[in-house]
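1. Give me the fold of what follows.
(one chain, ligands or ions: 1)
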Amino acid sequence: MAMPPIYLDGLATTPVDPQVLAAMLPYFSDRPGNASNSAHAYGWEAAAAVEVARQYLAAAINADPSAIIFTSGATEADNLALKGVAEAYYSHGRHIITVQTEHSAVLAPCRYLESVGFRVTYLGVNPQGHIDLEALEEAFAADTILVSVMAANNEIGVIHPLAEIGRRCRDRNVLFHCDAAQALGKVPLDVQQMHIDLMSLTAHKLYGPKGIGALYLRRDRPRVQLAPQLHGGEQEQGWRSGTLATPLIVGFGEAVRLAQSRFTADMAHLRHLKQHLWQGLSALGEVYVNGDLEQGLPNCLNISIGGVDGSALLRALYPHVALSSGSACSSAKATPSHVLLALGRSPQLARATLRFGLLRTTTLEEINQVIGYVTECVQHLRQ
Ligand SMILES: *Cc1c(COP(=O)(O)O)cnc(C)c1O
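-> Now for the predicted structure:
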């Protein structure tokens with residue numbers, strides 16, 4: 001019988017960890033309370049479970065639990081941060097700074113804000129995907145209200161120097177938003193030390209459920225203003241109305257707790273697998289790393305392969321390995337990734353790209369099989 005393809009698309013999403021699933025299950029049925037309902041014990045029980053999850057999230061980023069706002073994911077958190085700050089600080093200034101390689105959940109709200117009168121500077125990156133801190137300094141204007149730079153890139157895994165960016169923002173009284181969807185549980189995050197004022201998080205890149213995320217919102221020094229984007233029952237201190245998704249929030253909290261407790265072992269395992277995968281694939285020749293092998297996520301390897309047609313390669317690999325060429329949100333389009341183009345890759349090479357997203361359950365044996373499949377397919381297509 002044919003084996004199912006090996007799943008290596010962990011940057012698009014991850015399976016729910018069995019321990020996370022077990023923690024969630026009672027809240028789907030036996031514990032049905034609405035966390036906002038204090039009229040009976042079911043409501044208290046749900047509220048208590050939500051607060052435990054909130055504490056796990058807060059602890060993971062060195063924040064106060066009251067600064068965590070649950071959302072439906074990182075897309076909503078990014079939209080709330082960018083539009084919410086823009087609306088609240090409209091009279092202070094209308095200039096925002098971000099980066100060309102951000103996720104579409106940041107870039108699209110920025111383009112929307114441009115359409116309603118804001119100016120946005122999109123910083124470029126060098127061929128490894130790093131921003132130039134001097135270019136950031138030069139981009140600040142008198143009316144800059146917000147800088148938005150992701151922690152780790154979802155296509156190439158590059159990790160940005162958050163503390164250095166945060167310090168430059170703080171020096172100028174400019175707010176700093178960080179999309180940390182890929183970094184949570186893989187890169188140490190500390191909103192105090194890194195001077196982060198708003199941070200977007202999501203559960204489903206971290207072995208948690210899809211459909212739940214959070215926005216960290218700094219409550220003091222400085223107290224960040226935010227215009228809510230969803231109005232209704234005033235949940236989450238009025239920042240985000242809507243009944244709290246208790247089972248998903250419990251799963252998010254458990255996923256974060258688990259990631260923190262396994263951090264050292266998981267990262268060592270992933271680094272080892274990534275090194276092995278790179279060694280195996282670089283033997284093909286004409287293989288180019290997109291990003292920075294040293295300063296990147298340990299679960300991410302993004303390569304472009306010369307001499308092959310990208311879509312033919314993915315099709316040939318599909319029965320054996322499930323991965324994508326880039327962002328899940330843009331891989332349906334024929335246009336090459338905006339991230340790879342920003343690195344200066346030619347459109348043709350950018351199309352011949354494989355993004356490996358390793359899981360903590362991935363084994364060395366699977367990596368060896370994958371090296372074998374890719375080698376076979378590339379050699380076949382090059383003939
Ligand atoms: C996955 C991802 C998002 C979107 O998160 P959702 O929870 O799926 O909305 C945003 N930003 C980055 C960097 C991501 O990797």
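2. Burial check on the residue of the chain found nearest the ligand, number of neighbours?
-> Ranked by C-beta to the nearest ligand atom, the top residue of the chain for proximity to the ligand is residue 73, at 2.6 Å. For the C-beta atoms, the positions are set from N, CA and C on the backbone; glycine is no exception. The number of residues packed near residue 73 is 21, by other C-beta atoms under 10 Å.
3. cool, residue 134 as well?
-> Applying other C-beta under 10 Å, I find that residue 134 has 8 neighbouring residues.
4. before we move on, back to that, now that the residue of the chain closest to the ligand has come up, it's in contact with residue 208, right?
-> No. Applying C-beta atoms under 8 Å, one finds residue 73 not in contact with residue 208, separated by 10.6 Å.
5. shared neighbours of the two, anything?
-> Shared contacts of residue 73 and residue 208 (C-beta atoms under 8 Å, 6 or more residues apart in numbering): residue 202.
6. per-residue pLDDT, residue 336?
-> Here the pLDDT value assigned to residue 336 is 87.
7. Now do the buried residues in stretch 355-372.
-> The neighbour-count check on stretch 355-372 (16 or more other C-beta atoms under 10 Å) flags 355-360, 362, 366-367, 370-371 as buried.
8. now, which of those residues sits nearest residue 8?
-> Closest to residue 8 out of these is residue 356 (5.1 Å), distances taken as C-beta to C-beta.
9. Surely that closest one is in contact with residue 277?
-> Yes. Between residue 356 and residue 277 a contact is recorded at 6.3 Å, counting by C-beta under 8 Å.
10. Please report the distance of residue 246 from residue 5.
-> Applying C-beta to C-beta, to the nearest Å, the value for residue 246 to residue 5 is 34 Å.
11. These two: which is more packed in?
-> In this view residue 246 and residue 5 are compared by other C-beta under 10 Å, and residue 246 has more residues nearby, 24 against 16.
12. Would you check how far apart the more buried one and residue 254 are?
-> Residue 246 is 13 Å from residue 254, where distance means C-beta to C-beta.
13. shared neighbours of residue 356 and residue 277, anything?
-> Residues touching both residue 356 and residue 277 (C-beta under 8 Å, 6+ apart) are 301, 370.
14. Specify the helix with the largest residue count in the protein.
-> Using DSSP state H, we find that the single longest helix of the chain is helix 246-282.
15. Within range of the ligand, give me the residues from this structure.
-> Contacts of the chain with the ligand, taken as C-beta under 6 Å from any ligand atom, map to 73-75, 103, 105, 150, 154, 179, 181-182, 202, 204-205, 213.
16. Narrow those to those in strands?
-> 179, 202, 213 (DSSP state E).
17. Filter these down to just the buried residues.
-> 179, 202, 213.
18. Quick check: the last one touching residue 78?
-> No. Contact status for residue 213 versus residue 78: not in contact, 9.1 Å apart, counting by C-beta under 8 Å.
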